[in-house]
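Enquirer: based on what follows, work out the 3D shape:
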Amino acid sequence: AALRARLRQAGGTGYVAAVSRLDLMTSGVLVAALGADSSPATQWVRAQFAARAVSKEYLCLCTSGPLGSPGDSFEVNERLHMQMGRGGYLAVVSPQGKEACTRFTVLARYVPAATGCPGLQEGEVLTLFSAKPATGRRHQIRAHLASIGRPLVADALYSPGRFRRDCAWCPRNFLHCRRVELRDLEGRPFVAEGPLPPDLHTALGRLEFLEGTDFAVAQ
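Expert: Numbers count the residues shown, from 1 in each chain. As a prediction, this is how the structure comes out:
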């Protein structure tokens, strides 16, 4: 509604179609097309998503110790099935689930700051990853990280046991869509980027940087 209002103020029709989604409490780039659902722009972007021709990159901060050094990459290929849990629907690894693949790259490692960080143990290592989903399943990144024992910081659904402790220094799950790449109606590359928002930037600033690229400083 806010986007439609701004388009009208700028002299546009105000028609805009949502062509992608973000999980609740996830920030970052959200793709929308100018025009109604039947417009060429909307159909073109949706066709790219259906063909898996859209590239998305997320930043995610995880708990439970290191998993490789900065620059190391790995893939998680685990089928995911949505089922009802105690906190709502969640994705679980299941042979009966839908194909799901995410490529992760280690960007940096952090520990609690020397001045102390509420909710974290001294010397506890946290890892900042880049996540690039090859498929677009619901909760895919969150579920894949939890499946390898590296749940997102402050994720109430996939890491309920430490949610309250994490919320003492990070207000929500640390998942942010940093970059989206697709093609415009002329076939030219189109890139949209979103910097780390203030709440996650502040949370990262409460940690002490060990190695890699410090996203508390660099954007």
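Enquirer: contacts, neighbours, all on C-alpha from now
Expert: OK.
Enquirer: counting contacts, what elements does the strand ranked longest in the chain pack onto?
Expert: For the chain, the strand that runs over the most residues, judged by DSSP state E, is strand 101-112. Contacts defined by 3 or more C-alpha pairs under 8 Å, 6 or more residues apart in numbering; DSSP states H and E place strand 101-112 against strand 73-77, strand 126-133, helix 140-147, strand 207-212.
Enquirer: tell me the strands beside it, with direction?
Expert: strand 73-77 (antiparallel), strand 126-133 (antiparallel), strand 207-212 (antiparallel) (DSSP bridges).
Enquirer: what residue ranges in the protein score low on pLDDT?
Expert: In the predicted model of the chain, residues 1-14, 116, 218-219 satisfy pLDDT under 70.
Enquirer: can you show me the strands along it?
Expert: Under DSSP E, the chain gives strands at 16-18, 27-28, 32-34, 55-62, 73-77, 80-85, 88-93, 101-112, 126-133, 175-183, 189-193, 207-212.
Enquirer: out of those, nearest to residue 150?
Expert: Checking the strands of the chain against residue 150 by C-alpha to C-alpha gives strand 55-62 as the closest, at 5.6 Å.
Enquirer: just want the angle from the closest one to strand 126-133.
Expert: For strand 55-62 against strand 126-133, the angle by axes from the mean of the first three to the mean of the last three C-alpha atoms, to 10 degrees is 160 degrees.
Enquirer: re earlier: minimum distance to residue 21: which of the strands paired with strand 101-112 has it?
Expert: In terms of C-alpha to C-alpha, the element of the strands paired with strand 101-112 nearest to residue 21 is strand 126-133, at 13.5 Å.
Enquirer: how far does the closest one sit from its chain's centre?
Expert: Distance, stretch centre to chain centre, for strand 126-133: 8 Å (C-alpha atoms, centre = their mean, to the nearest Å).
Enquirer: ditto for stretch 20-39
Expert: Counting by C-alpha atoms, centre = their mean, stretch 20-39 is centred 14 Å from the centre of its parent chain.
Enquirer: with just CA atoms, put that stretch into PDB.
Expert: Written as PDB, here are the backbone C-alpha positions of stretch 20-39 (Å, rounded to 0.1, in the frame of the first residue of the first chain):
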ATOM      1  CA  SER A  20       8.300 -12.600  -4.700                       C
ATOM      2  CA  ARG A  21       8.100 -12.800  -0.900                       C
ATOM      3  CA  LEU A  22      10.200 -12.600   2.300                       C
ATOM      4  CA  ASP A  23       9.600 -14.600   5.500                       C
ATOM      5  CA  LEU A  24       8.100 -12.600   8.300                       C
ATOM      6  CA  MET A  25      10.900 -10.800  10.200                       C
ATOM      7  CA  THR A  26      13.300 -11.000   7.200                       C
ATOM      8  CA  SER A  27      14.500  -7.800   5.700                       C
ATOM      9  CA  GLY A  28      16.000  -6.700   2.400                       C
ATOM     10  CA  VAL A  29      15.200  -6.500  -1.300                       C
ATOM     11  CA  LEU A  30      11.600  -7.500  -2.300                       C
ATOM     12  CA  VAL A  31      10.900  -7.600  -6.000                       C
ATOM     13  CA  ALA A  32       7.700  -6.000  -7.400                       C
ATOM     14  CA  ALA A  33       6.600  -5.300 -10.900                       C
ATOM     15  CA  LEU A  34       5.000  -2.100 -12.200                       C
ATOM     16  CA  GLY A  35       1.600  -2.900 -13.500                       C
ATOM     17  CA  ALA A  36      -1.300  -5.200 -12.800                       C
ATOM     18  CA  ASP A  37      -1.000  -9.000 -12.500                       C
ATOM     19  CA  SER A  38      -1.600  -9.400 -16.300                       C
ATOM     20  CA  SER A  39       0.900  -6.700 -17.300                       C
END
